[in-house]
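In: need a structure here:
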Amino acid sequence: MKFSLRQIAVFAAVARQESVSRAAEALSLSQSATSTALAELERIYETPLFDRIGKRLRLNESGQSLLPLALDILERAEAIEDALEGRAGYGKLRVGATLTIGNYLATLIVADYLKRHPSGSAELHVRNTASIVEQVARHELDVGLVEGHCQHPELVVERWVADELVVFCAPSHPLAHQGAARLGDLEQASWIVREAGSGTRETLDQAMRAHRFNPNIRLELEHTEAIKRAVEHGLGIGCISRLALREAFRRGSLIAIETPELDLLRDFQFVWHRRKFQTAGMREFIDLCRQKTAGIQRSDEIDLPFIP
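Out: Numbering: from 1, shown residues only. Purely as a prediction, here's the structure:
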């Protein structure tokens, strides 16, 4: 074997950072040592791995082919180190979750995972679906918990549990107590919605496109709780997961609007890179997720602590 593990680690870091200096900082190496390790790897195999574009280094075709293999080697090396140190595959777990899943489910499951493995650690990144998918595809996350559709060619997608969006409003809104809303009523209303790239927005857009329905979008927000507050203050109607609205409906601070013509069902899903080495920790985390929803048909039926 001509290459060293350090050279592979340097290559992967430069690929992620697109900069030798930033890669050196991430690896706690000098810039000189980082540059030398990368140059030596390319020299040994007489294969350039990057295109130099100004100060940035972009993976070329050879580098793109090598990156998944390099990351797999590094992950397996980390698993070996965990086993030798007695952690047996329960080192750092990197989880990505969408806002709905992250706020209401993922934190509880990560906490349960860490209680089972006190010597382990975890990172929980909460972003929208598009961002989580991109991070998993770049090997920056071990597993993603996302909403709606995902068709990335490099990712494995497995269904977790069904989820339903619901249109809602403040108790003072004209649609609050009129029963099922017609499409014409919904088209005239002002909408407070999630941003493009979120699974919630994708499901809502698809439901509307099926009826050639053009909503009057008054405000786009990146956070579920912000949408709830805006709707409570009478700025318009919203549409988010029923899971996030259970307590608000119970209190009566928000009111569900029946929309029988809109298909607002979707799934929560697991995603991971198809060429990723699955550690014991990653497999157990997914099992814990499934245990949380065992026997459940829809996410808002899950037994959870009080959700304000």
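
In: got the domain boundaries for this structure?
Out: 5-84, 92-161+267-301, 162-266 (automatic domain parsing).

In: can you put those in a markdown table and add mean neighbour count and mean pLDDT?
Out: Bear in mind the C-beta positions are built from the backbone N, C-alpha and C, glycine included. A markdown table is the format used below for those (neighbours: other Cβ atoms under 10 Å; pLDDT from 0 to 100):
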| stretch | mean neighbour count | mean pLDDT |
| --- | --- | --- |
| domain 5-84 | 16 | 90 |
| domain 92-161+267-301 | 19 | 93 |
| domain 162-266 | 17 | 94 |
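
In: Show me the strands in the stretch 151-300 of the chain, by range?
Out: 155-169, 190-194, 216-221, 237-241, 255-257, 265-273 (DSSP state E, counting those that start in this stretch).

In: quick check: angle from the second one to strand 216-221?
Out: Counting by axes from the mean of the first three to the mean of the last three Cα atoms, to 10 degrees, strand 190-194 lies at 30 degrees to strand 216-221.

In: quick one: strands adjacent to strand 190-194?
Out: strand 216-221 (parallel), strand 237-241 (parallel) (DSSP bridges).

In: can you give me the angle that strand makes with strand 155-169?
Out: Using the same axes, to 10 degrees: strand 190-194 against strand 155-169 is 150 degrees.

In: re earlier: nearest to Arg274, of the strands paired with strand 190-194?
Out: strand 237-241 (27.7 Å; Cβ to Cβ).

In: what sits up against that closest one?
Out: Residues outside strand 237-241 that contact it (Cβ atoms under 8 Å, 6 or more residues apart in numbering): 100, 147, 163-169, 173, 175, 186, 189-194, 200, 204, 224, 227-228, 230-231, 257, 264, 299-300.

In: then that strand to CSV, C-alphas only?
Out: Below are the C-alpha coordinates for strand 237-241, written out as CSV (Å, rounded to 0.1, in the frame of the first residue of the first chain):
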residue,chain,number,x,y,z
ILE,A,237,-53.4,31.0,7.3
GLY,A,238,-50.6,28.4,7.5
CYS,A,239,-49.9,24.8,6.7
ILE,A,240,-47.4,22.6,8.7
SER,A,241,-47.3,19.2,10.2
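
In: Report the angle between that strand and strand 265-273.
Out: Calculated by the same axes, to 10 degrees, strand 237-241 forms an angle of 50 degrees with strand 265-273.
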